[in-house]
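Enquirer: what would the 3D arrangement of this be:
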Amino acid sequence: MDNTSGVGVLDKAALVLSALESGPATLAGLVGATGLARPTAHRLAVALEHHRMVARDMQGRFILGPRLAELAAAAGEDRLLATAGPVLTHLRDVTGESAQLYRRQGDMRICVAAAERLSGLRDTVPVGSTLPMKAGSAAQVLMAWEEPERLHRGLQGARFTATALSGVRRRGWAQSIGEREPGVASVSAPVRGPSNRVVAAVSVSGPIERLTRHPGRMHAQAVIDAAGRLTDALRRGN
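Expert: Below you'll find the predicted structure:
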């Protein structure tokens with residue numbers, strides 16, 4: 001198969017990125033891996049560095065840059081949203097409660113997809129809603145697997161504790177009872193990307209009168225199953 005597109009500079013840039021896929025490379029390493037002339041390899045690597053598609057490690061070697069991770073995350077989010085609709089609808093139908101999908105954005109979490117109850121009392125969290133990371137089972141799930149330093153910062157002022165998050169990691173799901181909003185309970189589980197990092201939280205929520213003060217007993221398995229379906233979709237890349 002011909003790997004050239006006819007646009008020479010793009011073909012050469014693709015060669016540089018492909019060479020870095022196997023790990024850090026010096027300029028000489030890039031020249032050897034790509035077959036490009038040394039000035040060409042250097043010019044392309046530096047230009048890609050300007051656009052954050054290439055970076056340098058502590059030894060000054062060229063490595064793949066952070067922009068590629070950002071683009072990959074955006075592609076993953078598209079796959080996540082494309083799959084979320086039927087998964088959340090099924091979760092709503094199985095539990096009889098409103099279902100949501102949250103992603104973290106800085107110190108907040110955003111509802112990126114939802115399936116509402118068809119009748120009766122609705123505990124609506126509209127798509128696009130921004131909620132704090134300080135309370136609620138989805139916030140617990142999005143926080144529980146963070147790096148220690150970010151976890152420590154996130155716990156400052158939170159309605160949950162480090163001990164509670166340890167329990168979330170052990171069980172694989174979280175519950176909250178009146179934590180974010182009086183009278184409302186919820187259960188959440190993590191969605192993981194291809195690298196096993198938690199990228200989203202699936203939740204069901206409703207009044208404590210229906211979910212009781214032990215909502216996990218009722219709905220944890222259904223929420224875990226829904227999160228698992230989304231995780232599988234992201235890992236398959238479709």
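Enquirer: for the lengthiest helix in the chain, the distance to its chain's centre please.
Expert: If you go by DSSP state H, the chain has its longest helix at helix 66-95. Relative to the centre of its chain, helix 66-95 is centred 9 Å away, using Cα atoms, centre = their mean, to the nearest Å.
Enquirer: send the alpha carbons of stretch 8-21 over as PDB?
Expert: C-alpha atoms of stretch 8-21 as PDB (Å, rounded to 0.1, in the frame of the first residue of the first chain):
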ATOM      1  CA  GLY A   8       5.000  16.000   0.500                       C
ATOM      2  CA  VAL A   9       5.300  18.000   3.700                       C
ATOM      3  CA  LEU A  10       2.400  16.200   5.400                       C
ATOM      4  CA  ASP A  11       3.800  12.800   4.400                       C
ATOM      5  CA  LYS A  12       7.200  13.700   5.900                       C
ATOM      6  CA  ALA A  13       5.500  15.000   9.100                       C
ATOM      7  CA  ALA A  14       3.600  11.800   9.400                       C
ATOM      8  CA  LEU A  15       6.900   9.900   9.100                       C
ATOM      9  CA  VAL A  16       8.300  11.900  12.000                       C
ATOM     10  CA  LEU A  17       5.300  11.200  14.200                       C
ATOM     11  CA  SER A  18       5.300   7.500  13.300                       C
ATOM     12  CA  ALA A  19       9.000   7.300  14.200                       C
ATOM     13  CA  LEU A  20       8.200   8.700  17.600                       C
ATOM     14  CA  GLU A  21       5.400   6.200  18.300                       C
END
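Enquirer: show me the contact partners of it.
Expert: 3-5, 25, 29-30, 33-36, 40-41, 44-45, 47-48, 53-54, 62-64, 68 (Cβ atoms under 8 Å, 6 or more residues apart in numbering). All C-beta atoms are positioned from the backbone trio N, CA, C, and that covers glycine.
Enquirer: and what of stretch 40-54?
Expert: 9, 12-13, 16-17, 20, 27, 30-31, 34, 36, 55-56, 62-68.
Enquirer: which neighbouring elements make contact with the helix-or-strand element of the chain with minimal mean pLDDT?
Expert: In the chain, no helix or strand scores lower on mean pLDDT, DSSP states H and E than helix 66-95, which sits at a mean of 84. Packing contacts for helix 66-95, counted by 3 or more Cβ pairs under 8 Å, 6 or more residues apart in numbering; DSSP states H and E, involve strand 98-105, strand 108-115, strand 198-207, helix 215-236.
Enquirer: many thanks, have a good one.
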